[in-house]
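**Student:** Build me a structure from this.
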Amino acid sequence: MRAKRCGRCRRRGTWLVLGFLLFLTAPAPAPEQAALTPTATIADVSVPGIGRTWPVGIRPTVLRGWEPPATVYGRGHRGVDLAAPAGTPVRAVAAGRVSFAGRVAGKAVVSVELTDTDLRTTYEPVTASVRKGDEVAAGEVVGVVEPTGSHCPATCVHWGLLRGTTYLDPLSLLPPWLLRRGPSRLLPVLGVPVPT
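**Tutor:** Sure thing, here's the model as predicted:
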């Protein structure tokens, strides 16, 4: 009789251990859509590719990409850091109106509301050469990179994109031809004579 009880206890213990292991290895439930905040983690595909130039250089090095936080005050990166030495001209990526040119928390910031959209771009740390209310064309210089105030190890421009209070990936403004790494090259077609 006692042997039967011990056998049952072992089976129950085995099931308890297996159940506990399944509990530990089960995937976490997916967050509900309602839990998303103004810094949403879902990429917004409605951002038009209206950018006509990079903010700095031709194809600058992206030092740190966009990392949307899970909550309003969560950790993340609400923009893109582009390598740029101090004094580098900073250009508006698309046409718009300057909505802010000044200092925020000690950093020089320029913000441009993009024409015919509900989007605005931000650039920091940038000493402004424009004023609030100025109209700017795509590619027009809005300021220069400051030597201090950057959160990068070396100087950089933090480029942001917002729709209202929601941060978006600024690279989504750039059309594919600006994001490509190099020019297209035509390769010879073997077996076809060269036209004369």
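**Student:** What does the pLDDT read for S150?
**Tutor:** Here, the pLDDT recorded for S150 equals 75.
**Student:** For it, give me its contacts.
**Tutor:** Residues near S150 by Cβ atoms under 8 Å, 6 or more residues apart in numbering: P125, C156, V157, H158. C-beta coordinates here come from the backbone N, C-alpha and C atoms, glycine included.
**Student:** How about G79?
**Tutor:** Taking Cβ under 8 Å, 6+ apart, one finds W66, T122, H158, W159, G160, L161, Y167, P170 in contact with G79.
**Student:** on that earlier part again, of the contacts of S150, which is the most crowded?
**Tutor:** V157 (28 neighbours; other Cβ atoms under 10 Å).
**Student:** For this structure, which segments count as strands?
**Tutor:** Along the chain, counting by DSSP state E, strands occupy 62-64, 80-83, 89-91, 96-104, 107-114, 119-124, 126-128, 135-136, 141-145, 156-163, 166-168.
**Student:** mind listing what's buried in the third one?
**Tutor:** This means strand 89-91. By 16 or more other Cβ atoms under 10 Å, the buried positions in strand 89-91 come out as P89, V90, R91.
**Student:** try the second one
**Tutor:** When neighbours are counted by 16+ other Cβ under 10 Å, the buried residues of strand 80-83 are found to be V80, D81, L82, A83.
**Student:** ok, of those, which one's closest to V136?
**Tutor:** Within these, distances to V136 taken as Cβ to Cβ reach their minimum at L82, with 18.3 Å.
**Student:** Can you tell me, leaving aside adjacent residues, what's nearest to the closest one?
**Tutor:** Excluding the flanking residues, the one nearest L82 by Cβ to Cβ, 6 or more residues apart in numbering is P60, at 4.2 Å.
**Student:** returning to that earlier point: out of the contacts of G79, what pair is the most spread apart?
**Tutor:** Distance extremes for the contacts of G79: the farthest pair is W66 and T122 at 12.9 Å, using Cβ to Cβ.
**Student:** can you give me the helices in this structure?
**Tutor:** Along the chain, the segments classed as helices by DSSP state H run 2-25, 176-179.
**Student:** Comparing these, which yields the minimum mean pLDDT?
**Tutor:** Going by mean pLDDT, the lowest-scoring of the helices of the chain is helix 2-25, which has a mean of 56.
**Student:** Buried residues, stretch 103-116. List them.
**Tutor:** K107, A108, V109, V110, S111, V112, L114.
**Student:** Using PDB, write out the CA atom coordinates for that stretch.
**Tutor:** Only the C-alpha atoms of stretch 103-116 are listed here, as PDB (Å, rounded to 0.1, in the frame of the first residue of the first chain):
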ATOM      1  CA  ARG A 103      17.500  76.200 -27.400                       C
ATOM      2  CA  VAL A 104      15.700  73.400 -25.500                       C
ATOM      3  CA  ALA A 105      17.300  72.100 -22.300                       C
ATOM      4  CA  GLY A 106      20.600  73.700 -23.300                       C
ATOM      5  CA  LYS A 107      20.700  72.200 -26.800                       C
ATOM      6  CA  ALA A 108      20.300  74.100 -30.000                       C
ATOM      7  CA  VAL A 109      17.300  72.800 -32.000                       C
ATOM      8  CA  VAL A 110      15.700  73.600 -35.400                       C
ATOM      9  CA  SER A 111      12.300  72.200 -36.100                       C
ATOM     10  CA  VAL A 112      10.600  72.300 -39.600                       C
ATOM     11  CA  GLU A 113       6.900  71.600 -40.200                       C
ATOM     12  CA  LEU A 114       6.800  69.800 -43.600                       C
ATOM     13  CA  THR A 115       4.600  71.300 -46.300                       C
ATOM     14  CA  ASP A 116       1.200  69.600 -46.900                       C
END
